[in-house]
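>>> A predicted structure for the sequence below; I have some questions about it.
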Amino acid sequence: MAQISFGTDGWRAIIAEDYTFANVERVSLATAQWLKRSHDAPSVVLGYDTRFMGAEFALRSARALASAGVRVVLSDSHVTTPAVSWAVAEGGHQAGVVITASHNPPAYNGFKLKAHYGGPAPPEAIAEVEGELTRLDDGFVCRPSDELEREGLIQYIGLRADYVDLLRRRVDIEAIRGAQLRVAFDAMYGAGQGIVTELLGRARVVELRHDLNPGMYGHAPEPIERNLEELGRVVPEQDLAAGLATDGDADRIGLYDEQGRFVDSHKVLALLVKYLHRERGLRGEIVKTFSTTDMLDRMGEAYGLPVLTTPIGFKHIAPRMVEGDVLVGGEESGGIAVKGHIPERDGLYIGLTALEMIVKRERPLSGLVRELQDEFGPLFQSRTDLRTTEEKKRAFLNRLAAGVAEIGGRAVEYTENTDGTKLRVAGGWVMFRASGTEPVLRVYSEATTKADADALVRDGVSLVDG
């Protein structure tokens, strides 16, 4: 059996290599054992996205959980990860499971574990599940699903419809409809498809990549600029107010303004802080991951809001949202949560809130971004992902750990190592971090011009290659 370990956000592997029915069963059984150690009659909510054989893998997971004595509430169709997270907390369940590889390439599938509070399971819970994997009994056999359903150990739920109703209650949909905004929504073949249209009406939504296509034409469903060229073109061509995109399980957001310019997650986070604090009068902590913009620090200082920087991964943000008073929590990769919703990334909720912001502020999205840059900037970001081998990745990280005096001719003023390595230079920074889910080394930067941000990334790549 392959070794199973959880990365930044769950266990992920290539389908038919390490991601097999047998291994899904093993992870599910380990999850059941973990739950049963602290609960007499645990229950979980289980969902899946649109990836290859998602429904079949989900049923095998449900059978393993139920056969081990955990009651399973199983979605009757593909569903977003935030829907599962919400259902866990709303229904008083002990955990949630989502069969998804999120934004990974289509050859992957995965297993996300959600905590009782409706957000990612914390690192200590993941460690316990991994410990249970080492103690599994090889003689375990899943019972037939029809038996488990008759005994009530597997029950089906219309979770997608429940989630759409939740969005209708949490966002001022009537204000958006009343303003007659027309938008484009790129579902990237993922679980979010159809939901924006259902909420705003078919006449108001241009749908992109809304068919069930587990091959995704070979593209990773990650809502970043290089993957959303069609969305950026359609918005200005059809005179739309904005373009939204979500990843495979719809917990990440990508956004375009009315001019067809990409609005990255750094700016989306900052827009939300300003909207929620200045327009709605809300307060709370700003929680950001290590690769996220310094603009949030400037806003925190201006608004008198505390700012906390965490390691990469929303699993570090969610517990803070549960335990403290957080206004906005988010990460550079498009995962954002806000006060008044769930302690979980939710791409559709954030995208719809951005539309609400446009309507309530009575300004186009480009104007809202320009306000931010005038008040707290200018700051621009860049990023590239380098595919490499584990050996080369380790060798470079060892070189970084030994210390770097300059990069691209710029003196390194100081180094931060919260999660990865961030080299601070005059007017900006460049950061290196190994992916937790893929054989990838990520290079990030921030500077006062886009040209400088791009140059810092190029210099970072040269440092890796050198």
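Yep, that arrived. Numbers count the residues shown, from 1 in each chain.

>>> what's the neighbour count on Thr449?
13 (other CB atoms under 10 Å). Using the backbone N, CA and C atoms, a C-beta is placed for each residue, glycine as well.

>>> For the residue nearest to it when sequence neighbours are not counted, which residues are in contact?
With CB to CB, 6 or more residues apart in numbering as the criterion, Thr449 has its nearest non-adjacent residue at 6.1 Å, and that residue is Phe380. Neighbouring residues of Phe380 by CB atoms under 8 Å, 6 or more residues apart in numbering: 446-450, 452-453.

>>> mind listing the helices for the stretch 201-350 of the chain?
Secondary structure of the stretch 201-350 of the chain (DSSP state H, counting those that start in this stretch): helices at 229-237, 265-274, 295-303, 318-323, 347-361.

>>> Which elements pack onto the second one?
Counting contacts by 3 or more CB pairs under 8 Å, 6 or more residues apart in numbering; DSSP states H and E, helix 265-274 is packed against strand 253-256, helix 295-303, strand 326-330, strand 336-338, helix 347-361, helix 365-376.

>>> Next, the buried residues of the longest one.
Within helix 347-361, the residues that count as buried by 16 or more other CB atoms under 10 Å are 347-359, 361.

>>> got it, and stretch 259-276?
Buried residues in stretch 259-276 (16+ other CB under 10 Å): 260-276.

>>> Show the end-to-end separation of that stretch, please.
End-to-end distance of stretch 259-276: 24 Å, with CA to CA, to the nearest Å as the criterion.

>>> Would you check how far apart the nearest residue to Gln94 once chain neighbours are set aside and Leu400 are?
If the residues on either side of it in the chain are set aside, Gln94 comes closest to Pro42, at 4.4 Å by CB to CB, 6+ apart. Remark: distance between Pro42 and Leu400 (CB to CB, to the nearest Å) = 43 Å.

>>> Which pLDDT value belongs to Ala2?
On pLDDT, Ala2 comes in at 66.

>>> Quick one, which of the helices and strands packed on helix 265-274 gets closest to Pro120.
Pro120 lies closest, by CB to CB, to one member of the helices and strands packed on helix 265-274: strand 336-338, at 10.4 Å.

>>> If you count contacts, what does that closest one end up packed against?
On the basis of 3+ CB pairs under 8 Å, 6+ apart, strand 336-338 makes packing contacts with helix 265-274, strand 326-330, helix 347-361.

>>> Looking at Pro42 and Leu400, which has the bigger crowd around it?
Counted by other CB under 10 Å, Pro42 and Leu400 do not tie: Pro42 has more neighbours, with 22 against 16.

>>> ok, now which ones touch the more buried one?
Per CB under 8 Å, 6+ apart, neighbours of Pro42: 32, 35-36, 70-71, 93-95.

>>> biggest helix in this structure, by residue count?
helix 21-38 (DSSP state H).

>>> Determine how far the very next helix or strand once past that one lies from the middle of the whole chain.
Using DSSP states H and E, the helix or strand that follows helix 21-38 in sequence is strand 43-48. Mean-position distance between strand 43-48 and its chain equals 18 Å (CA atoms, centre = their mean, to the nearest Å).

>>> With stretch 200-207 instead?
24 Å.

>>> Please save the CA atoms from that stretch in PDB.
Output of stretch 200-207 as PDB, limited to C-alpha atoms (Å, rounded to 0.1, in the frame of the first residue of the first chain):
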ATOM      1  CA  LEU A 200     -29.100  35.900 -10.400                       C
ATOM      2  CA  GLY A 201     -31.100  34.500 -13.400                       C
ATOM      3  CA  ARG A 202     -30.100  33.200 -16.800                       C
ATOM      4  CA  ALA A 203     -30.400  36.500 -18.500                       C
ATOM      5  CA  ARG A 204     -27.800  38.000 -16.100                       C
ATOM      6  CA  VAL A 205     -25.000  35.300 -16.300                       C
ATOM      7  CA  VAL A 206     -22.700  34.300 -19.100                       C
ATOM      8  CA  GLU A 207     -21.600  30.700 -18.200                       C
END
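
>>> please renumber so the chain begins at 5
Done: numbering now begins at 5, and the last item shifts to stretch 204-211.

>>> top of the contacts of Pro46 by neighbour count?
Val74 (28 neighbours).

>>> Thr84 versus the closest residue to that residue other than its chain neighbours, what's the distance?
Nearest residue to Val74, sequence neighbours excluded (CB to CB, 6+ apart): Ala36, at 4.6 Å. Between Ala36 and Thr84 the computed distance is 24 Å (CB to CB).
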